[in-house]
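# The amino acid sequence is not available; the structure is as follows:
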């Protein structure tokens, strides 16, 4: 999955209307609401504040804020096709007194946001899984050696007479490690 490297902002003036576009990396709906409120406060005299966000396939939305266009819905569709997650796009428009027309307005918004959505602004997000394990004392040194070679640290270690328990974060458990465990379970986030 792709995520933003950094929050971004672009500005453009078209026929005396001023457009500001923002892209934010976000994790929660509360964070999205706070960012939108922050932008609305910062641009309190703006005529329109359009937004769309995509956290996951079941958590997405686009709002045009009274503009006669479908720009944010098209941008949301583009974000989905790109495979981008955890993103909020906000476009602020200050009306300059000249009517742009719906198609020119939509094209302006889409072109502005396209500058934010260029490939170099994104990176692949690696999601590591958390595992809990149980092994015999005699296997622990080999497990530790393999995990250290992968750059993985063991946490929450517990030693018993002949058994060791612990936890580690990794994206995939190496095949050469699996046979050493008596128990290995992925710990799901709640």
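Arrived safely, thanks for sending. In this text, all values refer to a predicted model and were calculated from it rather than measured experimentally.
# looking at the protein, which helix or strand is least sure?
Ranking every helix and strand in the chain by mean pLDDT, DSSP states H and E puts helix 175-178 at the bottom, with a mean of 85.
# So which bits of that one are buried?
Residues of helix 175-178 classed as buried: residue 177 (neighbour count, 16 or more other Cβ atoms under 10 Å). (C-beta placed from N, C-alpha, C; glycine too.)
# Run the chain-centre distance for the next helix or strand after that helix.
If you walk from helix 175-178 toward the C-terminus, the next helix or strand you reach (DSSP states H and E) is strand 183-187. Its chain's average C-alpha position is 26 Å from that of strand 183-187, according to Cα atoms, centre = their mean, to the nearest Å.
# residue boundaries of the helices in the chain?
Taking DSSP state H, the helices of the chain run over residues 29-42, 71-82, 102-116, 137-149, 175-178.
# need those in JSON lines with distance to residue 188, can you?
JSON lines is the format used below for the helices of the chain (distance: least, Cβ to Cβ, whole Å):
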{"stretch": "helix 29-42", "distance to residue 188": "21"}
{"stretch": "helix 71-82", "distance to residue 188": "25"}
{"stretch": "helix 102-116", "distance to residue 188": "33"}
{"stretch": "helix 137-149", "distance to residue 188": "21"}
{"stretch": "helix 175-178", "distance to residue 188": "19"}
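# Which one of those lies nearest to residue 19?
Minimum separation from residue 19 across these (Cβ to Cβ) falls at helix 102-116, 5.4 Å.
# Check which helices and strands the closest one sits against.
strand 8-14, strand 17-25, helix 71-82, strand 87-94 (3 or more Cβ pairs under 8 Å, 6 or more residues apart in numbering; DSSP states H and E).
# repeat that for 10 Å
The elements that helix 102-116 packs onto, with contact taken as 3 or more Cβ pairs under 10 Å, 6 or more residues apart in numbering; DSSP states H and E, are strand 8-14, strand 17-25, strand 48-56, helix 71-82, strand 87-94.
# Highest mean neighbour count out of these?
Among the helices and strands packed on helix 102-116, strand 87-94 has the highest mean neighbour count (mean count of other Cβ atoms under 10 Å), at a mean of 24.
# Now do that strand and strand 48-56, the angle between them.
Taking axes from the mean of the first three to the mean of the last three Cα atoms, to 10 degrees, one finds that strand 87-94 is oriented at 180 degrees with respect to strand 48-56.
# Quick check: can you name the pairing partners of strand 87-94 and their directions?
Note on strand 87-94: by DSSP bridges, its sheet partners are strand 17-25 (antiparallel), strand 48-56 (antiparallel).
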